[in-house]
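>>> Here is a sequence with its predicted model. Questions after.
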Number of protein chains: 2
Amino acid sequence: MKKTYSEENYLKAIYHLGKSDNKVSPKAIADALENNPASVIDMLKKLQDKDLISYDKVQGAILSHSGEAAALDIIRKHRLWEVFLVEKLQYGWDEVHAIAEQLEHIHDEQLAKKLDDFLGNPSFDPHGDPIPAQNGKMPVYASTRLSDTEADQLCKVGSVRDTSTAFLKYLKQLKVGLGSSIRVIEKMEFDQSMIISIDEGEPKTVSSKMTDNILVILE
Amino acid sequence: MKKTYSEENYLKAIYHLGKSDNKVSPKAIADALENNPASVIDMLKKLQDKDLISYDKVQGAILSHSGEAAALDIIRKHRLWEVFLVEKLQYGWDEVHAIAEQLEHIHDEQLAKKLDDFLGNPSFDPHGDPIPAQNGKMPVYASTRLSDTEADQLCKVGSVRDTSTAFLKYLKQLKVGLGSSIRVIEKMEFDQSMIISIDEGEPKTVSSKMTDNILVILE
DNA sequence: ATATATAATTAGACATGACTAATTTATGTA
DNA sequence: TACATAAATTAGTCATGTCTAATTATATAT
């Protein structure tokens, strides 16, 4: 069941291409992987033999259940490592892709889980892409910043854009976590700071730096 | 100048074998890498062509300047990652070797430096092995094999030469870790096995295979 | 409907890094 | 010294994953 480096890259590419509604053709995969269609076809046969995909000319490549699970696992690792590189090693968000492309292929039963915990279980990577959970579930993308809501708005915390230790500690102190409800009581014109009530508790004042980094789902 | 995964493993093996005073023969390398001498000879030719080693039957394999630098770079990365896995991800020190074997091959100009800084520039890995600096310099550490000590000697565990899971698990069971004190109670002439007391605890008998792989600082 | 372009596919080759089996070279011992 | 054993080496093979070039199939445009 172990997959090679190359197989993993194909599965990942097929997953990403499959998100659009075009069919996943050998040509499309070759473009994505910067190799040629002949190589792709060879590999598609191997992946089909291993029941990781089904492929025919008409439908294109379609991930099987196990193929999709494998793809999501790699994407999960990729994005977790990106968070690590940016948050912990101080890389710029534009420098980490190539390194994460390598790190995503490290095989270890416990690694993703331990890394995830170490990073504070982030929902999004430094580019804002959602990080699949261990079971493959994608976090719902909450696209509204708390800072973009208005007074009287009721919403729920969907994700956190800054996963620095300092910020996460601050949130813990405020008792703000994923799924917490937030009611916007007042928004100051002056500096965009807000008075909010967390889970219908005492009103608290938070800065725009805080509200910029909280993504919410409107109710 | 980029090296393949395989080349890096050979360079590392040759470096480690070169530390002993035996010549680094194809057989020795094959044993270390658990492959066969024919494969080794093929690779030695390639490494020689790239001026990473010199090889002849009489001298065995000897790292060139650039070969040694490459080996030290990999060892540096291996040991830094081990520190990361143990210190940050809460792995046991007996679980990290196989993962570090993979991580050591990640290529990025800045990665080792950034990781080193993030970890607080450690000098030794979780097994007590010295971490080469960026320029290849090893931190000094004074150690003797436990097997070279005599009865009544009191000493402290400085590092461990075998990092296999089996060995580390055995040490964990004995409650031997870095810094543990060991008193040699008796050394058997017959098979060099020893009766020792760990942290002044119950006397225990250990084989010469065990004592050969423990490096100690004499008290 | 037919020419033309694009995509899919097959066949054959190649580089890497491994293997087995056979052969040569060293080493050690009676 | 001569045989036995172990190590080194060579030759040939194989799996993986890539490539180019040639062929076939499909789409598109006139």
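Nice, thanks for sending it over.

>>> alpha carbons only for contacts and neighbour counts from here, please
Noted.

>>> now the helices: where do they sit in chain A?
Per DSSP state H, chain A has helices spanning A:5-19, A:26-33, A:37-49, A:65-83, A:97-103, A:111-118, A:165-174, A:208-212. These are given in chain order.

>>> Can you say which of those helices is nearest to B:Val40?
Shortest distance between B:Val40 and these, using CA to CA, is found for helix A:5-19: 23.4 Å.

>>> Can you pull up the most central residue in chain A?
Most central in chain A under CA atoms, centre = their mean is A:Pro130, positioned 2.1 Å from the mean C-alpha point.

>>> will you turn the helices of chain A into CSV that also has mean neighbour count?
Listed next are the helices of chain A as CSV, based on neighbours: other CA atoms under 10 Å in any protein chain shown:
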stretch, mean neighbour count
helix A:5-19, 18
helix A:26-33, 17
helix A:37-49, 16
helix A:65-83, 23
helix A:97-103, 18
helix A:111-118, 18
helix A:165-174, 13
helix A:208-212, 17
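
>>> how about those in a markdown table, adding mean pLDDT and distance to DNA strand D?
As requested, the helices of chain A are arranged in a markdown table below (pLDDT from 0 to 100; distance: least, CA to the nearest atom of the strand, whole Å):
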| stretch | mean pLDDT | distance to DNA strand D |
| --- | --- | --- |
| helix A:5-19 | 97 | 5 |
| helix A:26-33 | 96 | 8 |
| helix A:37-49 | 97 | 5 |
| helix A:65-83 | 97 | 15 |
| helix A:97-103 | 96 | 14 |
| helix A:111-118 | 97 | 22 |
| helix A:165-174 | 84 | 38 |
| helix A:208-212 | 94 | 41 |
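
>>> how about the ones you listed, which one is nearest B:Ile62?
Comparison of these against B:Ile62 by CA to CA identifies helix A:97-103 as nearest, at 30.1 Å.

>>> Briefly note if that closest one comes near chain B.
Yes: if you take CA under 8 Å from any CA of the partner chain as the test, helix A:97-103 does meet chain B, through A:99, A:102-103.

>>> of those residues, closest to B:Val58?
Using CA to CA, A:Gln102 is the member of the residues of helix A:97-103 next to chain B that lies nearest B:Val58, at 39.2 Å.

>>> Which residue comes closest to the closest one once chain neighbours are left out?
Setting aside the residues directly before and after it, A:Gln102 is nearest to B:Ile106 in space (CA to CA, 6 or more residues apart in numbering or on different chains), at 6.3 Å.

>>> what about the one you found, how many neighbours?
Each residue near B:Ile106 was counted by other CA atoms under 10 Å in any protein chain shown, and the total is 19.

>>> my read: it touches A:Ile99, true?
Yes: counting by CA atoms under 8 Å, A:Ile99 is a contact partner of B:Ile106 at 7.4 Å.

>>> closest to B:Lys88 out of the helices of chain A?
Each of the helices of chain A was checked against B:Lys88 via CA to CA, and the shortest separation belongs to helix A:111-118, namely 7.1 Å.

>>> helices or strands up against that closest one?
helix A:65-83 (3 or more CA pairs under 8 Å, 6 or more residues apart in numbering or on different chains; DSSP states H and E).

>>> do the helix it packs on and chain B meet?
No: residues of helix A:65-83 contacting chain B under CA under 8 Å from any CA: none, with a closest distance of 12.1 Å.

>>> Using CSV, list the CA coordinates for that helix.
Backbone C-alpha positions of helix A:65-83 (Å, rounded to 0.1, in the frame of the first residue of the first chain) are rendered in CSV as follows:
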residue,chain,number,x,y,z
HIS,A,65,-12.0,6.2,-2.7
SER,A,66,-8.5,5.1,-1.6
GLY,A,67,-6.9,7.4,-4.2
GLU,A,68,-8.7,10.4,-2.9
ALA,A,69,-7.8,9.5,0.7
ALA,A,70,-4.2,9.3,-0.3
ALA,A,71,-4.3,12.6,-2.1
LEU,A,72,-5.9,14.3,0.8
ASP,A,73,-3.3,12.9,3.2
ILE,A,74,-0.5,14.4,1.0
ILE,A,75,-2.3,17.7,0.8
ARG,A,76,-2.8,17.7,4.5
LYS,A,77,0.9,17.2,5.1
HIS,A,78,1.9,19.7,2.5
ARG,A,79,-0.2,22.4,4.1
LEU,A,80,0.8,21.6,7.7
TRP,A,81,4.4,21.8,6.7
GLU,A,82,3.8,25.1,5.1
VAL,A,83,2.4,26.4,8.3
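
>>> How many neighbouring residues does the closest residue to DNA strand D within chain A have?
At 3.8 Å from DNA strand D, A:Asn35 is the closest residue in chain A, using CA to the nearest atom of the strand. Residues near A:Asn35, counting by other CA under 10 Å, number 12.

>>> if I look at the residue of chain A most remote from its centre, how far off is DNA strand C?
If you look at how far each residue of chain A sits from its centre, by CA atoms, centre = their mean, the farthest one is A:Phe190, at 33.9 Å. Distance check for A:Phe190 against DNA strand C: by CA to the nearest atom of the strand, to the nearest Å, it reads 54 Å.

>>> If the residue nearest to the centre of chain A is in a bridge, with which residues?
Counting by DSSP bridges, A:Pro130 forms beta bridges with A:Phe124.

>>> In terms of pLDDT, where does it sit?
At A:Pro130 the predicted local confidence, pLDDT, stands at 91.

>>> wait, isn't it in contact with A:Met138?
Yes: here A:Pro130 reaches A:Met138: they are 6.4 Å apart, a contact under CA under 8 Å.

>>> And for whichever residue of chain A sits closest to DNA strand C, nearest residue in space, chain neighbours not counted?
Per CA to the nearest atom of the strand, A:Lys27 is where chain A lies closest to DNA strand C, at 3.5 Å. Nearest in space to A:Lys27, with sequence neighbours left out and distances taken as CA to CA, 6+ apart, is A:Pro37 at 5.4 Å.

>>> Distance of that neighbour relative to A:Ile14?
Using CA to CA, to the nearest Å, one gets 14 Å for the distance from A:Pro37 to A:Ile14.

>>> can you list residues touching both of these two?
In terms of CA atoms under 8 Å, 6 or more residues apart in numbering or on different chains, A:Pro37 and A:Ile14 are both contacted by the residues A:Ile29.

>>> How about the contacts made by A:Asn213?
Taking CA under 8 Å, 6+ apart as the contact definition, A:Asn213 lies against A:145-146, A:160-162.

>>> Got phi/psi on the residue nearest to it when sequence neighbours are not counted?
The shortest distance from A:Asn213 to any non-neighbouring residue, by CA to CA, 6+ apart, is to A:Arg161 (5.0 Å). When quoted as degrees, to the nearest 10, the phi and psi of A:Arg161 stand at phi -90, psi -20.

>>> Would you agree A:Ala133 is in contact with A:Arg76?
Yes: if you go by CA under 8 Å, A:Ala133 and A:Arg76 touch, sitting 7.2 Å apart.

>>> Please consider this matter closed, and thank you.
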